[in-house]
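# sequence first, predicted coordinates after that:
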Amino acid sequence: MDDTKRKEEEQVMSNEDDSKGSICGYDSLHRLLKDNLKPHLFHEVSRLLTGLNCGKPLETIVLPELASTLSAEHGFDLQAFCFQADKELLREPRVVRVGLIQNSIALPTTAHFADQKKAIFDKLRPIIEAAGSSGVNILCLQEAWMMPFAFCTREKRWCEFAEPVDGESTEFLQCFALKYNMVIISPILERDINHGEVIWNTAVVIGNHGNVIGKHRKNHIPRVGDFNESTYYMEGNTGHPVFETAFGKIAINICYGRHHPLNWLAFGLNGAEIVFNPSATVGELSEPMWPIEARNAAIANSYFVASINRVGTETFPNAFTSGDGKPAHADFGHFYGSSHVSAPDSSCTPSLSRNRDGLLITDMDLNLCRQVKDRWGFRMTARYDMYADTLAHYVKPDFEPQIISDPLLHKKSL
Ligand SMILES: NC(=O)NCCC(=O)O
């Protein structure tokens, strides 16, 4: 290939990459490293980047053929890993199979709203079937999975997508919960019929008998970049519930809540063993934060964190601005997928694709949570009483920061 042709091809590739916020045409960081490092270097980089579980790299799981067939037919990424815990003498292993689904929207945002929602249902059906037929016990979808993430626009017509907790999205998923004996976490835009049709950003927890166990409403609402969600709903009023399910104690920290360590802590104090973080976030804003925050939360709170993000670029009919000096634009940028699971022992799975729909299946022995607590003693050493005191002072209007100034602070150096 001559130089001009190569340059032209590189230009096309880099334009495509740019529209996806780049990582140079690779599907994930893991892939980029694997394809470019010598095996012994990749092994060592992975030891630090994704950690070791019980002293070893994570093993992959072999899934039933149907799951691979559905993944090939419908073009979604399918990956599966297993977290081990040490064998105990007095307790049986408590292995739970968790599934995470990430997806792009299915029709342009200009299509009729009913068609958009139906097309998302149709797109998810085979992915949920793949999860169910692989024996997934707890399945979680992405934030506001039943609609485009239209909150950047500040246009109120998108509120039409909101549904009551027992609405059509819940009904759609209840069938799968029953069919596959699966707990399903369904993050939706909620319309609270009993309270004057107020809108919330809510995760509905559907039990493995198809029943609604309860709901949690997003605690922290972003006001950053194009994420103008506070125009649509207020901070949640459900606290930090932990749902005791047939397969373990679970909680949901919805998207922007992942930037708040006390939010993670509160779910942990209530006894969560797995905290799901269904999200919608874009590369330019948060991609470097994404793996760090989840992993840190898992380590600090001795539980598993399951992170899910949307995929693709959603373009809206009318351009908008967000008071950041940028020209008016009609999309958020690239939702980078990259769903993954972090464990309390600091190991984590590689991420799903940053460009394609995907299903990540992970086996986790929940005994690992207590084993890490016993080993590291973070709960014992946490000094909650000291921080309770600091916070109680901090929230008072007359609070003054505890700063001890160097009396020689302003003395000139010789
Ligand atoms: N959906 C949402 O809360 N996004 C905020 C952006 C971020 O937290 O990365």
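Nice, I can see it.
# ok, now which ones touch N201?
Contacts for N201 were tallied using CB atoms under 8 Å, 6 or more residues apart in numbering; they are 143-144, 187, 189-190, 217-218, 221, 229, 232-233, 236, 254. For glycine as for every other residue, the C-beta is placed from the backbone atoms N, C-alpha and C.
# which among these are in contact with the ligand?
Checked against the ligand using CB under 6 Å from any ligand atom, these yield the following neighbours: E143.
# show me where the stretch 1-150 of the chain has helices.
All helices of the stretch 1-150 of the chain, identified by DSSP state H, counting those that start in this stretch, fall at 3-19, 29-36, 39-49, 65-74, 113-133.
# single out the most deeply packed of the ones you listed.
Most buried of those, by mean neighbour count (mean count of other CB atoms under 10 Å): helix 113-133, with a mean of 19.
# avg pLDDT for that helix?
Per-residue pLDDT values across helix 113-133 average out to 98.
# ok, and what's touching that helix?
For helix 113-133, the surrounding residues in contact (CB under 8 Å, 6+ apart) are 64, 66-67, 70-71, 73-74, 76, 78, 99, 101, 103, 105-107, 109, 111, 139, 141, 145-148, 160-161, 168, 172-173, 176, 179-180, 182, 357, 359, 361.
# for PyMOL, what selects the buried ones among those residues?
PyMOL command restricting the contacts of helix 113-133 to the buried ones, with burial defined by 16 or more other CB atoms under 10 Å:
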select buried, resi 67+70+71+74+76+78+99+101+103+105+106+107+109+139+141+145+146+147+148+161+172+173+176+180+182+357+359+361
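# which ones among the contacts of helix 113-133 map onto strands?
Judged by DSSP state E, strands contain the following of the contacts of helix 113-133: 78, 99, 101, 139, 359, 361.
# quick check: residues of the stretch 251-400 of the chain near the ligand?
Within the stretch 251-400 of the chain, the residues that sit near the ligand (CB under 6 Å from any ligand atom) are 255-256, 279-281, 285-286.
# need the residues you listed in TSV (columns: pLDDT).
Formatted as TSV, these follow (pLDDT from 0 to 100):
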residue	pLDDT
C255	98
Y256	98
S279	98
A280	98
T281	98
L285	94
S286	95
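# just those now: which is nearest V212?
C255 (21.6 Å; CB to CB).
# what is the burial count for the nearest residue to that closest one once chain neighbours are set aside?
Among residues not flanking C255 along the chain, S279 sits closest, at 4.1 Å (CB to CB, 6 or more residues apart in numbering). Using other CB atoms under 10 Å, S279 is surrounded by 25 other residues.
# sorry, back to before: with pLDDT added, can I get the ones in strands among the contacts of helix 113-133 in a markdown table?
Listed next are these as a markdown table, based on pLDDT from 0 to 100:
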| residue | pLDDT |
| --- | --- |
| L78 | 98 |
| G99 | 99 |
| I101 | 99 |
| L139 | 99 |
| L359 | 98 |
| I361 | 98 |
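# residues touching the residue nearest to C255, list them.
The contact partners of S279, taken as CB under 8 Å, 6+ apart, are 142-143, 254-255, 258, 307-310.
# repeat for A306
A306 makes contact with 98, 100, 140, 274-277, 339, 341, 362, according to CB under 8 Å, 6+ apart.
# would you say it is within a helix?
No: counting by DSSP: H, G, I helix; E, B strand; the rest coil, A306 is not part of a helix but strand.
# roughly how far apart are it and L100?
From A306 across to L100, the span is 6 Å (CB to CB, to the nearest Å).
# quickly list what's touching both of the two.
Both A306 and L100 are contacted by 140, 276, 339, 341, 362, under the criterion CB under 8 Å, 6+ apart.
# for the first one, what are its contacts?
Translated: C140. Neighbouring residues of C140 by CB under 8 Å, 6+ apart: 98-101, 184-185, 187, 252, 276, 278, 306, 308.
# ok so, going back, need the helices of the stretch 1-150 of the chain in TSV (columns: distance to H329).
Output for the helices of the stretch 1-150 of the chain, formatted as TSV (distance: least, CB to CB, whole Å):
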stretch	distance to H329
helix 3-19	13
helix 29-36	26
helix 39-49	33
helix 65-74	31
helix 113-133	21
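# and these as a markdown table, adding distance to the ligand?
What follows is the helices of the stretch 1-150 of the chain, written out as a markdown table (distance: least, CB to the nearest ligand atom, whole Å):
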| stretch | distance to the ligand |
| --- | --- |
| helix 3-19 | 19 |
| helix 29-36 | 18 |
| helix 39-49 | 21 |
| helix 65-74 | 26 |
| helix 113-133 | 17 |
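# lovely, talk soon.
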